[in-house]
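Peer 1: Following is a predicted model, sequence given first.
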Amino acid sequence: MKRKLLIVLALAWVFGTGAAAPVRMTPVKVTDGVYMLEHSRGSGNSTVVITSDGVLVLDFHIENADQTLAAIRKLTDKNVRYLISSHSAGDHASGAWHFREDKPIYIATKNQIHDLQMQEQKEFDERKNSSDPRYALYKGRELVKPDIAFDGQMTLYFGGLTFQITAEGRGHSTGDLTVYIPQKRVMLMGDLLDTEIHPGQGESGEIFYSNVKGWIRILDNIMARNLPVETYVPGHGPVHVGRGVKDLEEQKRYFVVMRDEVAKMMQAGKSLEQIEKEFKVPQEFAHYKRPERLRQFYKLFFHQLAETGY
Ligand SMILES: [Zn+2]
């Protein structure tokens, strides 16, 4: 009896954490030369841009960027020349080590350097020194830091393409950057855009940053540019090729509608604990995955409304 219970518990753990199925990064073609590697469990995606002069990669997790590199090796014989991380969270900025053989130049915002130095390095080292089998793959690996840091905007001309790289300011994290490639009509959004998935709190080494007002403002700023973008590539969730600005509109609406619902419950005198228990996700977002992420956002909506009204 006891053994049966143990087996049931073990199975529950395996399925509960998804430990049974290894992570797969599946390449999805966005347009010629642009591929998004979609994370099988809705964690950070990785995007690859192949040019005549080499490859640029946005976002790389130490736990799975080897799969991004393997996909690149299948698609082209060109080297990886540039790396860019959208923000400093581990699922986007910890995996530059995998590309070391190609000696790429790694570009990030200045605030990312700060976060990598102050938080991410600590988390990486803790995992590296941990005996927890989940972190076994950190052994012998290094957290590679960026070579070039910028504030504001920078433009990279590479392989006949223009990469307009913009630090969008505080919203999801202390500052996510976007990469707009006009010749491809794509914009890489990092975690400012999550599709079919509840957005995650910006995090770096367990320090949390997200700010709903800032996130909405950034989406408004990007939409106000009226760019000829065919596809906005998300940091998490599947890429909607050709859906254009509708993805950004949906992401903005998500925050506005969800915050509205929390405000209505506050108006009815509900506590945060009651909201966490009783909240009903509106129809439009009911199919979104990873509902466990909602908990952090109930807190954000609740406290940010009470603090400043946004
Ligand atoms: Zn992420």
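Peer 2: Happy to help now that I have it. The model shown is predicted, which means the values in this text are computed figures rather than measured ones. Numbers count the residues shown, from 1 in each chain.
Peer 1: Excluding chain neighbours, give the residue nearest to the closest residue to the ion within the stretch 151-300 of the chain in space.
Peer 2: For the stretch 151-300 of the chain, the nearest residue to the ion under the criterion Cβ to the ion is residue 191, separated by 4.4 Å. Yep, even glycine has a C-beta here, placed from its N, CA and C like the rest. Nearest non-adjacent residue to residue 191, counting by Cβ to Cβ, 6 or more residues apart in numbering: residue 235, 3.7 Å away.
Peer 1: Equivalent analysis for residue 164, please.
Peer 2: That would be residue 180: by Cβ to Cβ, 6+ apart, it lies 4.3 Å from residue 164.
Peer 1: who are the neighbours in contact with that neighbour?
Peer 2: Residues near residue 180 by Cβ atoms under 8 Å, 6 or more residues apart in numbering: 163, 164, 166, 186, 187, 188, 227, 229.
Peer 1: run the last query once more with 7 Å
Peer 2: Residue 180 is in contact with 164, 187, 227, counting by Cβ atoms under 7 Å, 6 or more residues apart in numbering.
Peer 1: Quick check, the first one in contact with residue 155.
Peer 2: To tie it back to what came earlier, the one meant is residue 164. Yes - when contacts are counted by Cβ atoms under 7 Å, residue 164 is listed as touching residue 155 (5.6 Å).
Peer 1: Looking at those two, which is more packed in?
Peer 2: Comparing residue 164 with residue 155 by other Cβ atoms under 10 Å, the one with more neighbours is residue 164, at 15 against 11.
Peer 1: looking only at pLDDT, what's the mean for the helix or strand containing that one?
Peer 2: Per DSSP states H and E, residue 164 falls inside strand 161-167. If you average the pLDDT over strand 161-167, you get 98.
Peer 1: And the pLDDT at the residue nearest to residue 191?
Peer 2: Looking at residue 235, the pLDDT reads 97.
Peer 1: and what of residue 295?
Peer 2: 89.
Peer 1: so what's it up against?
Peer 2: For residue 295, the contact set (Cβ under 7 Å, 6+ apart) comprises residue 276.
Peer 1: On the three-state scheme, it is what?
Peer 2: helix (DSSP: H, G, I helix; E, B strand; the rest coil).
Peer 1: Residue 140 now?
Peer 2: coil.
Peer 1: Leaving out chain neighbours, which residue sits closest to residue 161?
Peer 2: According to Cβ to Cβ, 6+ apart, the nearest residue to residue 161 is residue 183 (5.1 Å).
Peer 1: residues near the one you found, how many?
Peer 2: With other Cβ under 10 Å as criterion, residue 183 counts 14.
Peer 1: Which stretches in the stretch 101-250 of the chain count as helices?
Peer 2: Taking DSSP state H, counting those that start in this stretch as the criterion, the stretch 101-250 of the chain carries its helices at 110-115, 121-128, 212-224, 246-267.
Peer 1: Out of those helices, which one sits most buried?
Peer 2: Ranked by mean neighbour count under mean count of other Cβ atoms under 10 Å, those are led by helix 110-115, which reaches a mean of 20.
Peer 1: Alpha carbons of it, in CSV - could you do that?
Peer 2: Extracted in CSV, the C-alpha atoms of helix 110-115 (Å, rounded to 0.1, in the frame of the first residue of the first chain):
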residue,chain,number,x,y,z
LYS,A,110,23.4,48.2,-20.2
ASN,A,111,20.7,47.4,-17.7
GLN,A,112,21.0,43.7,-18.8
ILE,A,113,24.7,43.8,-17.9
HIS,A,114,23.8,45.1,-14.5
ASP,A,115,21.2,42.4,-14.0
